[in-house]
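**Student:** Show me how the following folds:
(one chain, ligands or ions: 1)
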Amino acid sequence: MTEIQELSLCQKLKEYGRSDYYPFHMPGHKRKMSGQMPDELFKMDITEIDGFDDLHHPEGVIQRAQEKAAELYGAEETFYLIGGSTSGILSTVSAAVPSGGYLLMDRRSHRSVYHAAYLRNLRISYLYSDRLENCDIFEAVDANTVEAALHSLESGRNAAGAQNPMPDAVLITSPTYEGRIADVKSIAEAVHKRGIPLIVDEAHGAHLGFYPGFAPNSCQAGADLVIHSVHKTLPAMTQTALLHVNGNLISRERLRRYLRIYQSSSPSYVLMASIENALDQLVQNGDVLFGEFVRKWNGMMKKLSSCRYLQFLSYDCRRQDTGKLVILTRKAGLSGRQLYDMLLKEYHLQLEMAGTDHVLAMFTIGDTEEGFQRMTDALLELDQRIGQAKHLQGKAAPSPKNFYLPAACGIAEAWDGLQKYRPIGSCAGKTAGEFIHLYPPGVPLVVPGEVFTEEILKYIQECHDSGLNLQGAVSKGNELYLQII
Ligand SMILES: Cc1ncc(COP(=O)(O)O)c(C=O)c1O
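**Tutor:** Numbers count the residues shown, from 1 in each chain. As a prediction, this is how the structure comes out:
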């Protein structure tokens, strides 16, 4: 007897689009007023009508899709997200840490983690990571750092002689935006030994675990809550993400509550179908797709190893992810922005970001031979030109700084307080009233409540002067202004 295959969300939506059901319901375009947009997209864009389930109370096609995703990643339960990893981070932190509770978090977390801490008025302390030796890029948090932080909390006492409170949850980022990978298994062990849940912001790692030589995904490594941006590294539409849950340290009911709070009550079926569609491609053809991707990637890296001035973070499945091409520019005498602009203007290669002394190009299974070839040719040619023509060399990239800033007060007190703009030259020793970060990656250089040091101010000024996308500072005339409280 042949098994009856349930239709996927995508198949159902396409079939429905061809049917004669008349839509006396939302959305207002009535599946046809597509204007300049593709008709097909509008035919698939429905609301919670009969037979199409409900993301916030799934029992049918969406529930099946989530179960398939859980099976694929080895999670106990998986939720589709239509508000990006951002909605997953807000929900997981809120579910894992009670209002006013304590979160031990990666200092280099994405801003959404800080937003969760702000919204829930959390007490936070930081796990710091080391900067790589030859560039302005930070490692993922080290397992020893997590163990040491928890051990010192356990053995320490506060001023009144009472035992320090232990965190309600620990949150780390892996892979980082630049592809640095943490030893999640050891971190999960250190955290679980104390009965604390581990949240892994794995927004950049939805592809992990799918090919021999890739690091395992964090569900496989023992994390309790794992957040994946499907849209970042897999073939899915922007805003699509997944949240995986394991173990019994997290209340699933609380998690559902926060997903309802932080996500739209009208989740997009186009986005949901795009998640299932991406994962189905992996199930059906993942070995071939990732095999081809790794072959093309290795071919490119082999050719680029002949560069004499441009340098690359070398791939290492335990430390550095495949697909994140991080090009270091110091030896070439260029700033990240200069290389970024050359690749954009002269070669029409649009990169993901420019940093002080590096640029980042992202590669996925969606990249063609042509894409790999164009990047390889451009970088080989630029490397030659840098060698031949000294005039190509520009301002040397600013040297990396450290980001250990003292805090005068908590985020909420500073962010909700009365702020005023002051010229950057007069901000040393003052308390920040706003987040300051490069975007991307959206990792705060300064958090509201932290005290500006001379060193961080110089770094902020250098980022601005290098033409990087600095947010949280405004330029008036020739001067940069920052918000203080
Ligand atoms: C490390 C990290 N976490 C979370 C996010 C948020 O992801 P999303 O854009 O899917 O909301 C980002 C976005 O760039 C990120 O870099």
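**Student:** Can you tell me which residues in the stretch 151-300 of the chain are near the ligand?
**Tutor:** 173, 177, 201, 203-204, 229, 241 (C-beta under 6 Å from any ligand atom). Where C-beta positions appear, they are placed from N, C-alpha and C, glycine not excepted.
**Student:** Now the two most distant members of those.
**Tutor:** Tyr177 and Ala241 (15.4 Å; C-beta to C-beta).
**Student:** Count the neighbours of Pro165 for me.
**Tutor:** 11 (other C-beta atoms under 10 Å).
**Student:** quick one on the thing from earlier: quick one: which of the residues of the stretch 151-300 of the chain next to the ligand is the most crowded by neighbours?
**Tutor:** Neighbour count (other C-beta under 10 Å) singles out Thr173 as the most crowded of those, with 31 neighbours.
**Student:** thought it was touching Arg107?
**Tutor:** No. Judged on C-beta atoms under 8 Å, Thr173 makes no contact with Arg107 at a distance of 10.0 Å.
**Student:** give me phi/psi at whatever residue of the chain ends up closest to the ligand?
**Tutor:** The nearest approach of the chain to the ligand comes at Gly84, 2.5 Å away (C-beta to the nearest ligand atom). With angles defined as degrees, to the nearest 10, Gly84 sits at phi 70, psi -180.
**Student:** I'd say it and Val230 touch.
**Tutor:** No. Using C-beta under 8 Å as the test, Gly84 is too far from Val230 to be in contact (9.4 Å).
**Student:** re the thing from before, and the residue of the chain closest to the ligand, what pLDDT?
**Tutor:** pLDDT recorded at Gly84 is 98.
**Student:** what residues are up against it?
**Tutor:** By C-beta atoms under 8 Å, 6 or more residues apart in numbering, the residues touching Gly84 are 229, 231, 238-241.
**Student:** And it, how close does it get to Arg111?
**Tutor:** In this view, Gly84 and Arg111 are 12 Å apart by C-beta to C-beta, to the nearest Å.
**Student:** repeat for Val451
**Tutor:** Distance from Val451 to Arg111, by C-beta to C-beta: 19 Å.
**Student:** so what's Pro398 scoring on pLDDT?
**Tutor:** pLDDT at Pro398 comes out at 55.
**Student:** cool, and Asp316?
**Tutor:** On the pLDDT scale, Asp316 gets 75.
**Student:** what about it, how many residues close to it?
**Tutor:** Residues near Asp316, counting by other C-beta under 10 Å: 12.
**Student:** returning to what we had before: so which of the residues of the stretch 151-300 of the chain next to the ligand comes closest to Val141?
**Tutor:** Comparing those against Val141 with C-beta to C-beta places Thr173 closest, at 7.4 Å.
**Student:** so the residue lying closest to that closest one once chain neighbours are set aside bridges to which residues?
**Tutor:** Distance criterion C-beta to C-beta, 6 or more residues apart in numbering; nearest residue to Thr173, sequence neighbours excluded, is Asp201 at 4.5 Å. Beta-bridge partners for Asp201, by DSSP bridges, are Thr173, Ile227.
**Student:** Hmm, Asp201 is touching Val170, no?
**Tutor:** No. Here Asp201 does not reach Val170: they are 11.5 Å apart, not a contact under C-beta under 8 Å.
**Student:** pretty sure Val245 contacts Ala75?
**Tutor:** Yes. Using C-beta under 8 Å, Val245 is in contact with Ala75, at 6.6 Å.
**Student:** list residues touching both of the two?
**Tutor:** Residues touching both Val245 and Ala75 (C-beta under 8 Å, 6+ apart): none.
**Student:** Now name the helix or strand holding the nearest residue to Gly205 once chain neighbours are set aside.
**Tutor:** Counting by C-beta to C-beta, 6+ apart, Gly205 lies nearest to Pro175, which is 5.1 Å off, once chain neighbours are set aside. According to DSSP states H and E, Pro175 maps onto no helix or strand at all.
**Student:** gap between Pro175 and Leu445?
**Tutor:** 20 Å.
**Student:** The two: which is more packed in?
**Tutor:** Per other C-beta under 10 Å, whichever of Pro175 and Leu445 has more neighbours is Pro175, with 24 against 21.
**Student:** show me the contacts for the more buried one.
**Tutor:** 140, 181, 202, 204-205, 208, 215, 321, 324.
**Student:** Could I get the phi/psi values of the residue nearest the centre of the chain?
**Tutor:** Nearest residue to the geometric centre of the chain (C-alpha atoms, centre = their mean): Ala203, 4.1 Å. Main-chain dihedrals, Ala203, degrees, to the nearest 10: phi -50, psi -40.
**Student:** Tell me, how many residues neighbour Pro441?
**Tutor:** By other C-beta under 10 Å, 18 other residues sit near Pro441.
**Student:** so it makes contact with His110?
**Tutor:** Yes. At 7.2 Å, Pro441 counts as touching His110 under the criterion of C-beta under 8 Å.
**Student:** Give me the common contacts of these two.
**Tutor:** With C-beta under 8 Å, 6+ apart as the test, Pro441 and His110 both reach Tyr177.
**Student:** Please name every helix or strand in contact with the lengthiest helix in the chain.
**Tutor:** Across the chain, the longest stretch assigned as helix under DSSP state H is helix 269-304. Packing partners of helix 269-304 (3 or more C-beta pairs under 8 Å, 6 or more residues apart in numbering; DSSP states H and E): helix 9-18, helix 39-44, helix 61-73, helix 230-233, helix 369-388.
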